[in-house]
Every structure is written in structure tokens, then in C-alpha cells.
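>>> Got a predicted structure plus its sequence, pasted below:
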Amino acid sequence: MPFRIPNLRNLSFSSNVFRQTPFRLTLMFITVYSFVAVLIFAYIYIASSSETKAVSDAQVRSRIDYLEEVYREQGEAAVLETLVEEDITEWFFIKNIYDDQGRVLAQNRRAMTEVTPRVFNHIRERIKTLPDARAPFQINYRLTDPAGQRKAYAYRGQVLTLRPGLNLYVGMDTSWSEKGFDMGFKALWGGGVLVIVLGLFAGMIINNEVSRSVQGLMQVFDAVKEGDLKARAKLRHSGDEFDALAQRVNETLDRMEKTMGNLKYAGDAIAHDLRTPLSRLRSKLEVSLYDVEKDPSHAPEVIEKALAETDQLLRTFQTVFSMSRLQAAGQAPDQKPFDATALAMDMCELFEILAEDKGLEFTSEIDKGVTAFGNRDFLAQALANLLDNAIKYTQTGGITLRLRLTSRQEVEFSVTDTGQGVPEADRARITQRFVRLENSRSLPGVGLGLSMVEAVAVAHRGRLTIDEGPGVYKDQGPGLRTALVLPPYEG
């Protein structure tokens, strides 16, 4: 995602900024980061301090052991002479020997400059408080140098009694580590303040960016709520999550707009399609009323015809409603894998008897183990419509139901008859609602069968194909072949 420098003029701090998720997440991140930083620094401080003390104690212990060995082997005068000898390495230590009255018998040059009588008395008082006289202890103090500046000193040392009345003190300068820790503390506080300030600034930037994106989506939703289905979220083409969300919202609104348009179309279509059957029913009722007025004995027959017309109208309405629902939804509901072979066998068992009753031959060619994906009930109704049409418009010959997988692995249900067929010029029309050709007007029906089949096919992302049948059969033909083709099942 390309980096964009935010416009600082657009940054705002409102009273509800603390209730906004991005800013609260920023505060949480700063808190967690600061807590972790403190833990890390505390661990480093403890580890470094322990290591510094261990190194200092070892260095002090080695010098005390050396001076103690000189005292045992060469005597008091030798240890006093050795103590005042110094080199660059020994400059890091203060060393002195004193008696029980606190009189200094000998000391090195650094002890002369940095261990004043007051500091020396402080060391002696500190020794008295130790449970173990040889335990290491820390001394921190400040002195004013000849230039008038106050300096901090830190020594970690030990005391050894060479003999009653003769005490040896050796301390190592640890002010360098103390200064390092002080600088670390200052850096921690300074870095902490900088992190908090920069974190809050970054939080404001993030909060404004997120709020701007969210507000854009909210404006779109408000417009949709007010009825503007044309409103769409603006894409920033940044490739981030908000762009992906805006894209999903726009796709959802596109589908919603299409669905609402289909619903409106479905309502208009139902109103338009039912106008003709209702007008026909009203006309027949008017004629029936006239017949009853002439001869009241015809009333039962008239009522029976009216009920039959009403039932036909209800069936027509149910068919139109189902077709409109499929077209509005854009796809068939509750689709799942099912046994297409079993469905074809059921259709054979059901319509074979109807064909035989009309004197027609019913044959089938059904592949085994064919699985399809879709709504089995809708597909069964569509196949029933194809078979019912074939039986209805076939006078002699027979009907064949086939199920096969095409070369593209599509699932194809086909019904072939030896009826009169449909001229090629009229084949596109017969799938329209309420369209009936001249040679079929004497038969019952309203012209919705193939319309329903095509609606089911489209709702399953399939198609309905209409072709010429097997040819002329006993002066009848050329027949008709209708096929409901479904997409391949990829299960």
C-alpha cells in the first residue's frame, strides 16, 4: 500500500475520541509497550547491577587477599609500603589501613583525595551495621572538588582485620556503573515521554484515517436507509482492508439494487400476467350469470365451471409467483448435491403410466451414478412440465426421457417426443409467459410450462434448449426435443 503523508490540518481532537476504537487501541498499545519496556529495563538493571557487584567484589577480594598474603609473609611494614604503590589499574581502588581508634596508618593517593575524615567515619559506621564484618558494602557520597563542583562518588568495598587493632579497607570505584544506570533512567524517562507523545500523535492520525473511512461507509448506509439505492462507497484504491470492505459493500448494494428491481419487476409481471386470466374468468362468470337467469337449473353446472376456472387461476398464480420468486432471488434456494439418476427414474415411473393411458410408448435412457447440484423439488417440477407437455402434444408414437453427462460434464435431462413439433421461428417465443401457438389452443393450459422450466434452468445457472425431434412419424412430426442442462457438479 503506498504511504501517504497525512494532512495535519485534518487532524481533530473531539470529546468522544476516547470512545473511538482506533484511539483506544493506540492507548492500549502504548500502555503495553511501556509496561514491557519497564520490565525489560528492570531486568537489564538487575542483571547488570548484579554482574557489576560480582565483578567489583571479585576485584576487591583479589586485592585484599594479595595484601593479606604480603602481611603474613613480609609483615606490617611491607603491607603499608605495598598499599601506597599504585599504577593505572590500581587507580580504580581506594585502599587504607587504620587502627581501632580510626587513625589512618597508610592509604593510597586516590584515598587521600576522595576519602575525607567525614567519609572515612561514614565507612566505619557502616561497617558496624553489617552482620558480617567481611561482607561487601556500597558507599555513595558527594564531594566538592577544588574547582567548586559537586561530584558523586560510589565505592563498593570490604574490610579485613589483619590483627587486633589493624584494619584493611579496599573499595573499587563503581561510579561509572552508577552513572550508566542514571543515564539509562534518564533515557528511559525521555524515551517513554517521546514514545507517549509520538504514540498519541500517531493515534490521532490513525484515528482520523479510520474515522474518515468509517464515516464514508456510514454516509452510504444512511443514504441507503433513506431509500437511495444508487449510493456507493468511494474506493481509495489503496488495497487495504477498508478498500476491500468498501468493495464488498458496493457489491452487496449492487445485488440489493438488482434484487429490489427484480422484485418490482416480479410484482409488475404478476399483475400483468394475471390480468388476462382474471378478465377471462370475469367474462365467463358474466355469461354464466346470464345462463342461470335464463334457466336456474344450470346453476350447479355454472358454479362447477366457475370453481374449475378459479382453481386454474390459482394454479396460474402459484406458477407465476414461483417464477417471479426465482427470478427475483437470482438463484434457486436450498441447493445441494442430489442423485440425478434417482430423480430421472422417479419421473419415468410417474409419467410412464400417463403415457400408456394415452396409448404412447414411453422409453428412457438414463446414465447410472449421475450427481447434480441444485434444488431437487424445483428441478422435479421442471421435468414434470417437460414430460407433461410432451404427452399433451403427442398423438402417436412415443416419448423418450434421457439423462446423460455431456462432453463438458454438464448434466442434461432431455425429453424427446414424436408430436407435431414447433417451427424454428416460434421456438424462442414458446418460453415466454402465456404464449400458446395456434395448434395448441384447443388443449388445456395457459402457456406457463416452458416459462417455468426456463426460469428454473436460469436459477441453477443452466439453460433450456429446444430442438427438432426425431422426424416425421406416421404423418406426425417432426417432433420436439427439449433439454434442461445443468452446470457440472464439482463435488
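Everything's here; your move.

>>> now the helices for the stretch 351-491 of the chain?
Using DSSP state H, counting those that start in this stretch, the helices of the stretch 351-491 of the chain run over 376-392, 449-459.

>>> Make JSON lines out of the ones you listed and add mean neighbour count and distance to residue 41.
Every residue, glycine included, has its C-beta placed from N, CA and C. As requested, the helices of the stretch 351-491 of the chain are arranged in JSON lines below (neighbours: other Cβ atoms under 10 Å; distance: least, Cβ to Cβ, whole Å):
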{"stretch": "helix 376-392", "mean neighbour count": "20", "distance to residue 41": "69"}
{"stretch": "helix 449-459", "mean neighbour count": "23", "distance to residue 41": "67"}
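
>>> With respect to residue 255, which of these lies nearest?
In terms of Cβ to Cβ, the element of those nearest to residue 255 is helix 449-459, at 15.0 Å.

>>> can you give me the angle the closest one makes with helix 376-392?
150 degrees (axes from the mean of the first three to the mean of the last three Cα atoms, to 10 degrees).

>>> Only C-alpha atoms, please: export helix 449-459 in CSV.
Extracted in CSV, the C-alpha atoms of helix 449-459 (Å, rounded to 0.1, in the frame of the first residue of the first chain):
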residue,chain,number,x,y,z
GLY,A,449,-45.0,-24.7,-18.6
LEU,A,450,-41.8,-23.9,-20.6
SER,A,451,-41.6,-20.4,-19.0
MET,A,452,-41.3,-22.2,-15.6
VAL,A,453,-38.7,-24.6,-16.9
GLU,A,454,-36.5,-21.8,-18.3
ALA,A,455,-36.8,-19.9,-15.0
VAL,A,456,-35.6,-23.0,-13.1
ALA,A,457,-32.8,-23.5,-15.5
VAL,A,458,-31.5,-20.0,-15.2
ALA,A,459,-31.9,-20.1,-11.4
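
>>> Point out where the stretch 201-350 of the chain drops to low pLDDT.
Across the stretch 201-350 of the chain, residues meeting the criterion (pLDDT under 70) sit at 240, 259, 261-277, 280, 298, 309, 312-313, 315-330.

>>> switch the cut-off to 90
For the stretch 201-350 of the chain, the stretches with pLDDT under 90 are 201-335, 350.

>>> what's the least confident stretch among the helices of the stretch 351-491 of the chain?
Comparing mean pLDDT across the helices of the stretch 351-491 of the chain, the weakest is helix 449-459, with a mean of 82.

>>> how much distance is there from it to the middle of the chain?
37 Å (Cα atoms, centre = their mean, to the nearest Å).

>>> Which elements pack onto that helix?
Applying 3 or more Cβ pairs under 8 Å, 6 or more residues apart in numbering; DSSP states H and E, we find helix 449-459 packed against helix 299-329, helix 376-392, strand 463-468, strand 480-486.

>>> a markdown table for those, including distance to residue 187?
Formatted as a markdown table, the helices and strands packed on helix 449-459 follow (distance: least, Cβ to Cβ, whole Å):
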| stretch | distance to residue 187 |
| --- | --- |
| helix 299-329 | 66 |
| helix 376-392 | 73 |
| strand 463-468 | 74 |
| strand 480-486 | 72 |
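
>>> Which among the ones you listed is found nearest to residue 122?
Residue 122 sits nearest to helix 299-329 of all these, at 92.1 Å, using Cβ to Cβ.

>>> Report the separation between residue 338 and residue 463.
19 Å (Cβ to Cβ, to the nearest Å).

>>> Mind checking which of the two has more residues around it?
Neighbour totals were compared for residue 338 and residue 463, and residue 338 leads with 18 against 14 (other Cβ atoms under 10 Å).

>>> State the distance from that one to residue 370.
Distance of residue 338 to residue 370, computed by Cβ to Cβ: 10 Å.

>>> and what of residue 22?
For residue 22, the distance to residue 370 equals 54 Å [Cβ to Cβ].

>>> Kindly report the same for residue 470.
Separation of residue 470 from residue 370 (Cβ to Cβ): 23 Å.

>>> Would you map the strands across this structure?
Secondary structure of the chain (DSSP state E): strands at 93-98, 104-107, 137-144, 150-163, 166-173, 336-339, 361-366, 371-374, 398-405, 411-417, 463-468, 480-486.

>>> mind listing what's buried in the first one?
Counting neighbours by 16 or more other Cβ atoms under 10 Å, one finds that the buried residues in strand 93-98 are 93-98.

>>> swap in the fourth one?
For strand 150-163, a neighbour-count test (16+ other Cβ under 10 Å) marks 153-160, 162 as buried.

>>> Residue 242 contacts residue 234, doesn't it?
No - at 10.4 Å, residue 242 and residue 234 do not qualify as touching, with contact defined as Cβ atoms under 8 Å.

>>> neighbour count winner among those two?
The neighbour comparison of residue 242 against residue 234 (other Cβ under 10 Å) goes to residue 242, with 19 against 13.

>>> about what we covered before: closest to residue 332 among the buried residues of strand 93-98?
residue 93 (93.1 Å).

>>> close enough to count as contact, the closest one and residue 108?
Yes - using Cβ under 8 Å, residue 93 makes contact with residue 108 at a distance of 7.3 Å.

>>> picking up where we left off before, mind checking the helices of the stretch 351-491 of the chain for the one nearest to residue 181?
Closest of the helices of the stretch 351-491 of the chain to residue 181 is helix 449-459, at 76.4 Å (criterion: Cβ to Cβ).

>>> And the buried residues of strand 93-98, which two are furthest apart?
Farthest-apart pair in the buried residues of strand 93-98 is 93 and 98; separation 15.9 Å (Cβ to Cβ).

>>> With distance to residue 406 as added columns, please give the helices of the stretch 351-491 of the chain in TSV.
Below are those laid out as TSV (distance: least, Cβ to Cβ, whole Å):
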stretch	distance to residue 406
helix 376-392	17
helix 449-459	14
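
>>> Tell me which of these approaches residue 222 most closely.
For residue 222, the closest of the helices of the stretch 351-491 of the chain is helix 449-459, at 33.4 Å, according to Cβ to Cβ.

>>> Show the contacting residues for residue 412.
Residues in contact with residue 412 (Cβ atoms under 8 Å, 6 or more residues apart in numbering) are 402-406, 483-486.

>>> make it 7 Å
Residues in contact with residue 412 (Cβ atoms under 7 Å, 6 or more residues apart in numbering) are 404, 406, 483, 485.

>>> can you list the domain ranges for the protein.
12-225, 241-327, 332-486 (automatic domain parsing).

>>> residue farthest from the centroid of the chain?
Farthest-out residue of the chain from its mean C-alpha position, per Cα atoms, centre = their mean: residue 77, at 84.0 Å.

>>> Next one: that one relative to residue 106, how far apart?
From residue 77 across to residue 106, the span is 10 Å (Cβ to Cβ).

>>> any idea how far the residue farthest from the centre of the chain is from residue 105?
Noted for residue 77: a distance of 11 Å to residue 105, by Cβ to Cβ.
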